[in-house]
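**Q** Got a predicted model here, sequence first, then my questions.
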Amino acid sequence: MRMNSKVVVLLLSIVLVFTTSACFGSSAEGLITQNVTADVERAEEHEVGFTETYTWSIGSATASTTLNKVIADYIADYLDKRSNGKIVVNTYFDGALGSDSELMNELYNRGAVDFYSAITATMSNYASVCFLFDQYYLFTNTQQYYDMFSQEGFMDWINEKAAEGGIRIMCLNPVFFRHLLGKKPMTAAEDVQGLKIRTTLSTIHLAFWETLGTNPTVVELSELFTALQQGVVDAAENSYQNYTGGNFHQVLSHVIETGHCLHNMALVMNAQVYAELPPAVRKLLDEACAAASAYANSIAKTAEQQYKQLALDAGNTIITWDQLDESFKEALYKSAAAQKPAIVEKVGQETWDEFYNWAKPFNPNI
């Protein structure tokens, strides 16, 4: 890592943590995602297996109340304990080190960020395999994703593809679905026509909402609160954790539970940096990430209920899937199906066919 990048990290963390605190994570008290530590014993010096010392940073544009932060904190504590202090991990959330696109660029170019935490949709422009997770309505519940990801060899396959784009996926957590978020009730297809909606950086996400008849705009997550306040966009789509974590429930009023897309959380690092680590360090890092993922998965349902309750306590209205017109559901499904050719083109037919083989035990109709 470049020395000037470390200086930038320190300066940005001091300045930006104050400027972002007004827009993120004001409702943290009592959340299960707070004050997380790893349930492991501290290693003795002779148990560590390496002598090198490391100081790493995890950067994210998501809020410090999210499961992304849980995973980061768990990894930091795990590595500190099991390396006997030889590995120090500093975590920077709430956009303290920049936007999603800035953080991904830093990671890719071996800059000021060693790990980047977000969703796979923000990584697809670098690693095209991530477009596979941009399929809307691929599965009907998160357990199907858990089961697919847990198949022996799946993560090795994903990382072989991701390495072509320069990244290594350390954690992959299919914990939530994303929903339509707005300032009014929307239960019919005509209700969303022309809607100014924020989407992620993924071109597949953008195309889905265009096909549905909305007017989508790419807005960085770190800029969304202001964009909603100023009317740049009037709606968004996201998970409950980001909805309340970013305090978007203070400027929006309705959650329409479309469950259209997986909120696929990922922690990634530069693939070459990972490959250059000594085997003992890689092994410990892999263990920490696996343990952190398992812990986050275990509390995900409780955390989502807490995020949902924050929205209700703020006076938000939740419209369930069963309350949507059948014509709206049909329009959502049709828009999702229309994106499949673009995904196949981006990832390649061979990769698509291989992914189909991983997914078909859990959805034969993919």
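**A** Now that the structure is in, tell me what you want to look at.

**Q** what residues are up against the residue nearest the centre of the chain?
**A** For the chain, I119 is the residue whose C-alpha lies nearest the centre (CA atoms, centre = their mean; 2.4 Å). By CB atoms under 8 Å, 6 or more residues apart in numbering, the contact set of I119 is T200, H263, N264, M265, A266. For the C-beta atoms, the positions are set from N, CA and C on the backbone; glycine is no exception.

**Q** Would you agree V219 is in contact with V232?
**A** Yes: counting by CB atoms under 8 Å, V219 touches V232, with 7.0 Å between them.

**Q** More neighbours: those two, which one.
**A** V219 (21 against 14; other CB atoms under 10 Å).

**Q** and the residue lying closest to the more buried one once chain neighbours are set aside, what does it touch?
**A** Spatially, and ignoring its direct neighbours in sequence, V219 is nearest to R198 (4.3 Å; CB to CB, 6 or more residues apart in numbering). R198 is in contact with P216, T217, V218, V219, L224, A227, L228, V233, A235, A236, E237, counting by CB under 8 Å, 6+ apart.

**Q** N242: what's it in contact with?
**A** Per CB under 8 Å, 6+ apart, neighbours of N242: T62, A63, T66, L221, F248, H263.

**Q** Just say helix, strand or coil for it.
**A** Recorded secondary structure, N242: helix (DSSP: H, G, I helix; E, B strand; the rest coil).

**Q** N264 now?
**A** N264 is classified as strand under three-state DSSP.

**Q** now the strands: where do they sit in the chain?
**A** 54-60, 87-92, 115-119, 167-182, 196-199, 215-218, 236-238, 254-270, 317-319 (DSSP state E).

**Q** Columns neighbour count and pLDDT on top of the contacts of N242, output as CSV?
**A** Listed next are the contacts of N242 as CSV, based on neighbours: other CB atoms under 10 Å; pLDDT from 0 to 100:
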residue, neighbour count, pLDDT
T62, 27, 96
A63, 27, 95
T66, 29, 96
L221, 26, 92
F248, 22, 96
H263, 25, 95
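
**Q** Point out where this protein drops to low pLDDT.
**A** Along the chain, the model assigns pLDDT under 70 to residues 1-29.

**Q** Quickly list the domain ranges of it.
**A** Domain segmentation of the chain under automatic domain parsing yields 3-176+264-300, 179-262+308-359.

**Q** In CSV: the ones you listed, plus distance to I366.
**A** Conversion of those to CSV gives the following (distance: least, CB to CB, whole Å):
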stretch, distance to I366
domain 3-176+264-300, 7
domain 179-262+308-359, 5
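
**Q** picking up where we left off before, bridging residues for the residue nearest to V219?
**A** Counting by DSSP bridges, R198 is bridged to T217.

**Q** Distance check, it against E220.
**A** Per CB to CB, to the nearest Å, R198 is found 9 Å from E220.

**Q** Helices along the protein, start to end?
**A** Applying DSSP state H to the chain gives helices spanning 3-20, 67-82, 100-108, 142-149, 154-163, 203-212, 224-229, 240-245, 271-276, 279-313, 326-337, 340-347, 349-359.

**Q** tell me the most buried of the ones you listed?
**A** Stretch with highest mean neighbour count among these: helix 240-245 (a mean of 27; mean count of other CB atoms under 10 Å).

**Q** Out of the helices of the chain, the one nearest I32 is which?
**A** The closest of the helices of the chain to I32 is helix 279-313. By CB to CB, the value is 5.3 Å.

**Q** Which strands and helices lie in contact with that closest one?
**A** helix 67-82, strand 167-182, helix 240-245, strand 254-270, strand 317-319 (3 or more CB pairs under 8 Å, 6 or more residues apart in numbering; DSSP states H and E).

**Q** can we see that at 6 Å?
**A** Helix 279-313 is packed against helix 67-82, strand 167-182, helix 240-245, with contacts defined by 3 or more CB pairs under 6 Å, 6 or more residues apart in numbering; DSSP states H and E.

**Q** Centre of the chain to that helix, how far?
**A** Distance of helix 279-313 from its chain centroid, counting by CA atoms, centre = their mean, to the nearest Å, is 12 Å.

**Q** Stretch 192-203 too?
**A** Centroid separation between stretch 192-203 and its chain, computed with CA atoms, centre = their mean, is 18 Å.

**Q** measure that stretch end to end?
**A** In stretch 192-203, first residue to last residue: 19 Å (CA to CA, to the nearest Å).

**Q** buried stuff in that stretch?
**A** Across stretch 192-203, burial judged by 16 or more other CB atoms under 10 Å covers V192, L195, K196, I197, R198, T199, T200, L201, S202, T203.
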